[in-house]
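K.L.:
Just the structure for this:
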Amino acid sequence: MDNFTSKVINIRLVSRILGALILLESVFLLLCAGAAFFLKEKEMWHFLLCFQVAFVLGVLGIFFGQSSTGQIGKREGTLVVMLTWVVFSFVGLLPYWLSGNISSFADAFFETVSGFTTTGASILPDVEIMPKSILLWRSLTHWIGGLGIIVISLAVLQVFGFTGSHLFSAETTGIVKEKIYPKISGQAKRLLSIYAGFTVAQSVLLWYFGMSAFDAVCNSFSTVATGGFCTKNASISYWHSPAIEWIVIVFMIASGINFSLYYFLLKGKIKKLIRDEEMRVYLLIMGISTILVTVSLLNISDLTWQNINNTFRNSLFTVSSLMTTTGFYSVDYSGWAAVSFLLLLLTFIGGSASSTSGGLKVIRILLVFKYCYYEFKRILHPNAVFPVRYNGNSIKEQIITRMLAYVLLFVIMTLVGSAILGLGGLGFEESISTMVSSLANVGPGLGKLGPIDNYSAIPTFCKWFLSFTMLVGRLELFTVLLIFTPAFWRK
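P.N.:
Sure thing, here's the model as predicted:
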């Protein structure tokens with residue numbers, strides 16, 4: 001019998017795993033302390049203090065759980081994943097708060113959650129006055145949260161004396177999970193290697209084409225994680241460089257694709273990449289959307305090659321940024337009224353499963369349309385059997401049901417959350433777009449919370465509520481909401 005229902009939650013085991021994960025966060029904090037020392041910034045002492053806090057918490061967690069026995073089950077895995085994101089966020093806000101760079105605790109928590117969940121919504125009106133070590137930590141929270149704290153931990157920590165399958169399942173997203181290696185830790189290492197490879201490659205390219213080494217690294221952290229925190233107030237438009245924009249476009253699109261497919265590509269299994277339905281639909285939606293936006297923006301009286309090229313590049317940049325839920329911008333698209341609904345819809349869809357993107361995920365949208373199509377056929381042919389297929393394989397009815405429940409829950413939470421934000425003081429357009437943006441982990445909204453604006457002026461209640469919804473969206477709704485059900489805690 002599955003230990004989800006057969007026993008109480010093993011709190012000591014949860015504590016040991018959580019302690020080990022917090023130790024990993026302390027290493028990243030120490031890295032930023034080293035950067036502050038190199039840059040001769042006073043924030044070094046704040047990062048060292050934060051390192052000590054994280055280190056002590058990690059050691060206490062491991063010490064409390066040192067006598068734990070047994071294997072991790074579904075409930076322990078779910079609880080570890082949820083607590084890890086919450087604890088990482090509370091520890092991660094300390095560099096902002098203790099250094100005084102963000103004086104409000106609520107603002108510091110919002111910025112940190114936005115970083116780890118790769119949402120990219122910011123309360124900072126001027127990031128360019130921030131110390132570089134703080135900006136490094138800000139971008140690093142994206143990178144840590146992009147592939148997933150648990151996935152990174154499974155790849156680099158060898159302290160787990162148990163299987164990490166339930167941790168991996170609770171952390172990674174998608175309907176169908178491609179297994180690229182028999183052991184979970186081996187699979188996590190391969191995904192992390194691809195993730196790190198993308199980061200290094202983009203950093204080198206951005207540096208070569210005009211960014212400083214610091215800006216190149218920080219913005220690569222944000223791009224590959226599809227986060228959106230930039231080191232400049234004007235985002236990528238600051239550099240006025242088509243080459244840099246094209247590099248960011250390529251890596252945003254690449255980061256929105258299932259990372260498992262890159263492993264198969266490196267192994268020479270090109271057909272597996274080409275035949276993947278989700279990737280084809282993902283690129284198709286992005287391509288059609290870019291053409292529609294480009295056509296809507298073109299000035300008929302000025303159809304020069306330069307105008308067409310610039311309009312196409314800006315359209316593709318915006319479409320790929322929103323669909324991959326990155327949140328960078330090269331132009332202010334808040335005035336594109338003719339395509340505003342399309343842009344909002346793209347954030348709703350999101351990227352591929354097992355990518356760093358947020359949103360509903362293309363695979364869910366694809367299977368919803370397939371399910372509806374086969375329902376029409378069943379009405380016409382009630383005695384016929386029409387199984388829903390994906391990549392040539394039949395999808396179990398249980399998976400389809402869970403997928404439909406997820407989409408419905410996403411829509412319900414968007415509507416309810418929008419109403420709550422409206423009561424909290426946000427306008428109609430801002431409430432809806434911001435709720436979709438936080439659940440889909442996009443960052444920018446519409447109206448007064450568009451790409452060139454920030455969240456500093458919204459009410460404190462809305463910041464706490466959006467922080468919660470960002471966590472819910474990053475953990476795919478069920479992982480968070482499950483722990484609030486009585487059945488989760490019942491023996």
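
K.L.:
Assumed I102 was part of a strand.
P.N.:
No. Secondary structure of I102 (DSSP: H, G, I helix; E, B strand; the rest coil): coil, not part of a strand.

K.L.:
Which residue, other than its chain neighbours, is closest to G120?
P.N.:
Nearest non-adjacent residue to G120, counting by Cβ to Cβ, 6 or more residues apart in numbering: G228, 2.7 Å away. C-beta here means a position set from N, CA and C on the backbone, and glycine is covered the same way.

K.L.:
Show the contacting residues for the one you found.
P.N.:
G228 is in contact with 118-120, 142, 222, 235, 321, 326-328, 442-444, counting by Cβ atoms under 8 Å, 6 or more residues apart in numbering.

K.L.:
same check, this time on L409
P.N.:
L477, F478, L481.

K.L.:
Quick check, the last one in contact with V472.
P.N.:
What that stands for is L481. Yes. Assessed by Cβ atoms under 8 Å, L481 is found in contact with V472 at 7.0 Å.

K.L.:
neighbour-wise, which of these two wins?
P.N.:
The neighbour comparison of L481 against V472 (other Cβ atoms under 10 Å) goes to V472, with 21 against 15.

K.L.:
next one: phi and psi at the more buried one?
P.N.:
With angles defined as degrees, to the nearest 10, V472 sits at phi -60, psi -40.

K.L.:
neighbours around the residue nearest to it when sequence neighbours are not counted, how many?
P.N.:
Nearest residue to V472, sequence neighbours excluded (Cβ to Cβ, 6+ apart): V480, at 4.7 Å. Using other Cβ under 10 Å, V480 has 20 other residues around it.

K.L.:
same question, S212
P.N.:
Around S212 there are 11 other residues, counting by other Cβ under 10 Å.

K.L.:
distance of it from N219?
P.N.:
10 Å (Cβ to Cβ, to the nearest Å).

K.L.:
Check M413 too.
P.N.:
Distance, M413 to N219, by Cβ to Cβ: 31 Å.

K.L.:
More neighbours: which of the two?
P.N.:
N219 (30 against 18).

K.L.:
For the helix or strand hosting that one, give me every contacting residue.
P.N.:
In the assignment (DSSP states H and E), N219 maps to helix 213-224. Residues outside helix 213-224 that contact it (Cβ under 8 Å, 6+ apart): 120, 132, 135-136, 138-140, 142-143, 146, 195, 198-200, 202-204, 206-207, 211, 227-232, 236, 248, 251-252, 255, 326, 328, 356.

K.L.:
Okay, buried residues for that helix please.
P.N.:
Neighbour counts over helix 213-224 (16 or more other Cβ atoms under 10 Å) mark F214, D215, A216, V217, C218, N219, S220, F221, S222, T223, V224 as buried.

K.L.:
is it possible to export the residues you listed to a markdown table including pLDDT and distance to M403?
P.N.:
Formatted as a markdown table, those follow (pLDDT from 0 to 100; distance: Cβ to Cβ, whole Å):
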| residue | pLDDT | distance to M403 |
| --- | --- | --- |
| F214 | 96 | 42 |
| D215 | 96 | 40 |
| A216 | 97 | 39 |
| V217 | 96 | 38 |
| C218 | 96 | 36 |
| N219 | 96 | 34 |
| S220 | 96 | 33 |
| F221 | 95 | 31 |
| S222 | 95 | 30 |
| T223 | 95 | 29 |
| V224 | 94 | 27 |
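
K.L.:
Closest one to G424 out of the residues you listed, please.
P.N.:
S222 (28.0 Å; Cβ to Cβ).

K.L.:
what about the closest one, distance to S321?
P.N.:
Using Cβ to Cβ, S222 is found at 11 Å from S321.

K.L.:
overlap in contacts of the two?
P.N.:
G228, F328.

K.L.:
re the thing from before, is it possible to get the buried residues of helix 213-224 out as JSON lines so that each row also shows distance to G73?
P.N.:
JSON lines is the format used below for these (distance: Cβ to Cβ, whole Å):
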{"residue": "F214", "distance to G73": "44"}
{"residue": "D215", "distance to G73": "44"}
{"residue": "A216", "distance to G73": "43"}
{"residue": "V217", "distance to G73": "39"}
{"residue": "C218", "distance to G73": "39"}
{"residue": "N219", "distance to G73": "40"}
{"residue": "S220", "distance to G73": "37"}
{"residue": "F221", "distance to G73": "34"}
{"residue": "S222", "distance to G73": "35"}
{"residue": "T223", "distance to G73": "36"}
{"residue": "V224", "distance to G73": "32"}
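
K.L.:
and of the residues you listed, the nearest to S431?
P.N.:
Of all the buried residues of helix 213-224, the one with the least separation from S431 (Cβ to Cβ) is S222, at 26.2 Å.

K.L.:
Reduced to three states, what does I432 come out as?
P.N.:
helix.
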